[in-house]
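S.K.: Quick one, structure for this:
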Amino acid sequence: MYNENIEVLNGLNARYEMFVEQLKIVDQQILELGLFNEELEIIKENNGQEILAPIGKSVFAPVKIDSNKKLLVEVGSGYFIKKEINETKEVILEQKQRLESFKIQIASEIDNITKELKSLII
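M.R.: Model (predicted):
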């Protein structure tokens, strides 16, 4: 009986740690999408100006911003479609909403595991 409880505790702890790690990754992705959205707004506001765009490891090229041109947005499996900045921002918002929903699910799982652990310990 004691060994079974130890195995259950270890299994729950492993699941807990996995979900906590997933939560960190989702939080990071949400943060990155927020920053990307802000960068798109900067591009939109600075039409016609020149910026330095990263093209490789520590290599930048001067690029003139033309916010009237469409961006190439990957839609999966290496396929790209052209979208305007506002359309791209909508895609970002949808991705962010999906991640927020996933974050709620992960938090719920963490909460359930925490309750299970407490019930086994007490």
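S.K.: from here on, contacts and neighbour counts on C-alpha atoms
M.R.: Fine.
S.K.: Kindly state the pLDDT recorded for the residue positioned nearest the centre of the chain?
M.R.: Centroid-nearest residue in the chain: residue 29, 1.9 Å away (criterion: C-alpha atoms, centre = their mean). Per-residue pLDDT puts residue 29 at 97.
S.K.: list the contacts for it?
M.R.: By C-alpha atoms under 8 Å, 6 or more residues apart in numbering, the residues touching residue 29 are residue 99.
S.K.: quick one: low-confidence ranges for this structure?
M.R.: 1 (pLDDT under 70).
S.K.: what's the distance between the biggest helix by length in the chain and the middle of its chain?
M.R.: Assignment by DSSP state H gives helix 2-45 as the longest helix of the chain. Helix 2-45 has its C-alpha centroid displaced from the chain centroid by 9 Å (C-alpha atoms, centre = their mean, to the nearest Å).
S.K.: and what of stretch 46-65?
M.R.: So, by C-alpha atoms, centre = their mean, the centroid of stretch 46-65 is 24 Å from its chain's centroid.
S.K.: Now do it: distance from first to last residue.
M.R.: One end of stretch 46-65 sits 7 Å from the other (C-alpha to C-alpha, to the nearest Å).
S.K.: And for it, what's in contact with it?
M.R.: Counting by C-alpha under 8 Å, 6+ apart, 43, 66, 67 sit against stretch 46-65.
S.K.: picking that back up, quick check: next helix or strand after the longest helix of the chain?
M.R.: Of the helices and strands lying after helix 2-45 in sequence (DSSP states H and E), the nearest is strand 50-56.
S.K.: What pairs with that next one, parallel or antiparallel?
M.R.: Next to strand 50-56 in the sheet, as set by DSSP bridges, lie strand 59-64 (antiparallel).
S.K.: Residue 76 and residue 95, how far apart?
M.R.: In this view, residue 76 and residue 95 are 13 Å apart by C-alpha to C-alpha.
S.K.: All set, thanks.
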